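S.K.: I need the structure of the sequence given here:
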Amino acid sequence: MRLDKFLKVSRIIKRRTVANEACDGGRVLVNDRPAKASLNVKEGDIIEVQFGNRSVKAEVLKVQESTKKEDAGEMYRYL
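M.R.: Residues are numbered from 1 along each chain as shown. Alright, predicted model coming up:
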């Protein structure tokens with residue numbers, strides 16, 4: 001699954017266009033490397049998103065094409 005779609009489906013970032021812009025701006029790292037929105041995400045990857053002066057680190061646990069809002073938290077865990 002594409003990185004921008006994973007960020008949206010998992011609800012780490014609410015909109016796919018915002019996720020895409022964050023990737024283009026270099027604010028998203030996957031396994032400590034800057035990542036493009038088209039990068040394929042797989043289980044076990046570490047995603048770090050920088051929001052202003054703070055950052056959020058999460059490990060990918062599950063990759064699903066769609067999910068309910070209540071189940072989105074099961075796709076990743078915060079580190």
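
S.K.: do a quick rundown of the helices in this protein.
M.R.: Under the criterion DSSP state H, the chain contains helices at 3-9, 16-24.

S.K.: list the contacts of the longest one.
M.R.: The one in question is helix 16-24. Residues outside helix 16-24 that contact it (CB atoms under 8 Å, 6 or more residues apart in numbering): 3-5, 7-8, 13, 28, 35-37, 39, 49. For glycine as for every other residue, the C-beta is placed from the backbone atoms N, C-alpha and C.

S.K.: tell me the buried residues within the residues you listed.
M.R.: Neighbour counting over the contacts of helix 16-24 (16 or more other CB atoms under 10 Å) leaves 3-5, 7-8, 13, 28, 35, 37, 39, 49 as the buried ones.

S.K.: let me know the pLDDT of the residue of the chain positioned farthest from its centre.
M.R.: Most distant residue from the mean C-alpha position of the chain: residue 53, 17.8 Å away (CA atoms, centre = their mean). As predicted, residue 53 sits at a pLDDT of 90.

S.K.: repeat that for residue 79.
M.R.: 91.

S.K.: go on, residue 69?
M.R.: Here the pLDDT value assigned to residue 69 is 89.

S.K.: burial check on residue 68, number of neighbours?
M.R.: Counted with other CB atoms under 10 Å, the neighbours of residue 68 add up to 6.

S.K.: need phi/psi at it.
M.R.: The phi and psi values for residue 68, taken as degrees, to the nearest 10, are phi -80, psi 160.

S.K.: how close does it sit to residue 74?
M.R.: Applying CB to CB, to the nearest Å, the value for residue 68 to residue 74 is 10 Å.

S.K.: for stretch 67-79, buried residues please.
M.R.: Quick answer for stretch 67-79 (16+ other CB under 10 Å): 72, 75-76.

S.K.: endpoints of it, how far apart?
M.R.: End-to-end distance for stretch 67-79: 22 Å, by CA to CA, to the nearest Å.

S.K.: and the contacts of that stretch?
M.R.: Stretch 67-79 is contacted by residues 6, 9-12, 46-47, 56-64 when judged by CB under 8 Å, 6+ apart.
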